[in-house]
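**Q** got a structure for you, letters missing:
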């Protein structure tokens, strides 16, 4: 029994490492494409690929309860809107900022999500969680050794992207509490991204050689595979163990930034990342304590409890 548990934990850990590599590779392609093309050029094509893959996956797993229906249309619509705005914001952030520097804002997303869960989901926010968020902001301040005068438009755009991503995470948790159909949460946000970017594409389109089209296809493949791998990893490994492991993304971003973009982070970047990662790990530890994550009211509704029992 112990060996089986260890094998599952090992497999889950390996999948999380694979996830961080794939999502970092997708981000690297975003930064590469951002040099020569506008955001609609990347997201219209890649969104179409992810939508197609999601539709095929739903058709293949229709007998396992996977479909494109959702019981939370308004929450899904809002999450789709946040995906569009957040994707464009991250695209601009990668264009304006060094690769590893964007990670500091990515690392803040779980902290913001924890804070937003209180007013949106009714989940209790422990005082220590506020301390973790404050520490995260200290980590962000390390990006500006010259003071607030060194804040650029890229940093503001990255912060906006971070807030959109955090809100999207909270809505994903809300939707996941009402339905177990995960493929819909991939399909609709990417459908919205595709439609919005397709409308803007005629105004910014530039002819793309086959090599760049291949990069866009690789981006879509990495993105879809990363999201699927993360779902599988969360089935094999507890969420509190997955979250700290995802910080490995910074390692990949430093390596990819140095190899492909010639970017070597300064010491202040490493300090800021260390503080942000430390605050995130502490937040996970705080949630593991007795009473750390009490069940919110919306999860105690009869229809949710029936679904939870059916899943078990």
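**A** Perfect, I can see it now. Note that the structure is predicted; figures quoted are calculated from it, not measured. Numbering: from 1, shown residues only.
**Q** In contact with the residue sitting nearest the centre point of the chain, which residues are there?
**A** The residue lying closest to the centre of the chain (Cα atoms, centre = their mean) is residue 165, at 6.5 Å. Shown in contact with residue 165 (Cβ atoms under 8 Å, 6 or more residues apart in numbering): 82, 86, 90, 106, 109. Quick note: C-beta positions are derived from backbone N, CA and C, even for glycine.
**Q** Please identify, among these, the one with the most neighbours.
**A** Counting neighbours by other Cβ atoms under 10 Å, residue 90 leads the contacts of residue 165 with 25 neighbours.
**Q** Residue 30 is in contact with that one, correct?
**A** Yes. With contact defined as Cβ atoms under 8 Å, residue 90 and residue 30 form a contacting pair (7.1 Å).
**Q** Buried ones in stretch 209-226, by neighbour count?
**A** Within stretch 209-226, the residues that count as buried by 16 or more other Cβ atoms under 10 Å are 212, 215-216, 219-226.
**Q** Which helix or strand lies directly C-terminal to the helix ranked longest in the chain?
**A** In the chain, taking DSSP state H as the definition, the longest helix is helix 2-34. For helix 2-34, the following helix or strand on the C-terminal side (DSSP states H and E) is helix 39-60.
**Q** Point out the other helices and strands that that next one packs with.
**A** Judged by 3 or more Cβ pairs under 8 Å, 6 or more residues apart in numbering; DSSP states H and E, the packing partners of helix 39-60 are helix 2-34, helix 73-96, helix 183-204, helix 210-236.
**Q** Same list (these) but as TSV, adding distance to residue 139 and mean pLDDT.
**A** Converted to TSV, the helices and strands packed on helix 39-60 look like this (distance: least, Cβ to Cβ, whole Å; pLDDT from 0 to 100):
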stretch	distance to residue 139	mean pLDDT
helix 2-34	19	80
helix 73-96	17	93
helix 183-204	28	92
helix 210-236	24	84
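**Q** sec struct for the residue nearest to the centre of the chain, please.
**A** Following DSSP: H, G, I helix; E, B strand; the rest coil, we place residue 165 in the helix state.
**Q** gap between residue 155 and residue 252?
**A** Remark: distance between residue 155 and residue 252 (Cβ to Cβ, to the nearest Å) = 22 Å.
**Q** Sorry, wrong one. I was asking about residue 232.
**A** 19 Å.
**Q** okay, the two: which has more neighbours?
**A** Comparing residue 232 with residue 252 by other Cβ under 10 Å, the one with more neighbours is residue 252, at 21 against 15.
**Q** Please report how far the residue nearest to the centre of the chain lies from residue 99.
**A** For residue 165, the distance to residue 99 (Cβ to Cβ) stands at 17 Å.
**Q** hmm, back to that, wait, which of the contacts of residue 165 is closest to residue 10?
**A** residue 106 (26.0 Å; Cβ to Cβ).
**Q** Centre of the chain to the helix or strand hosting the closest one, how far?
**A** Under the criterion of DSSP H and E, residue 106 resides in helix 99-121. From the chain centre to the centre of helix 99-121 is a distance of 10 Å (Cα atoms, centre = their mean, to the nearest Å).
**Q** Show the average pLDDT along it.
**A** Taken as a whole, helix 99-121 carries a mean pLDDT of 79.
**Q** Are there helices or strands packed against the helix or strand just after that helix, and which ones?
**A** Following helix 99-121 in sequence order, the next helix or strand is helix 127-141 (DSSP H and E). Under the contact criterion of 3+ Cβ pairs under 8 Å, 6+ apart, helix 127-141 touches helix 99-121, helix 267-288.
**Q** Adding distance to residue 140, write those helices out as a markdown table.
**A** Converted to a markdown table, those look like this (distance: least, Cβ to Cβ, whole Å):
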| stretch | distance to residue 140 |
| --- | --- |
| helix 99-121 | 6 |
| helix 267-288 | 6 |
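**Q** just those: most buried one?
**A** By mean neighbour count, with neighbours taken as mean count of other Cβ atoms under 10 Å, helix 99-121 ranks first of those at a mean of 22.
**Q** what's that one packed up against?
**A** In terms of contacts (3+ Cβ pairs under 8 Å, 6+ apart), helix 99-121 is packed against helix 2-34, helix 73-96, helix 127-141, helix 153-176, helix 249-261, helix 267-288.
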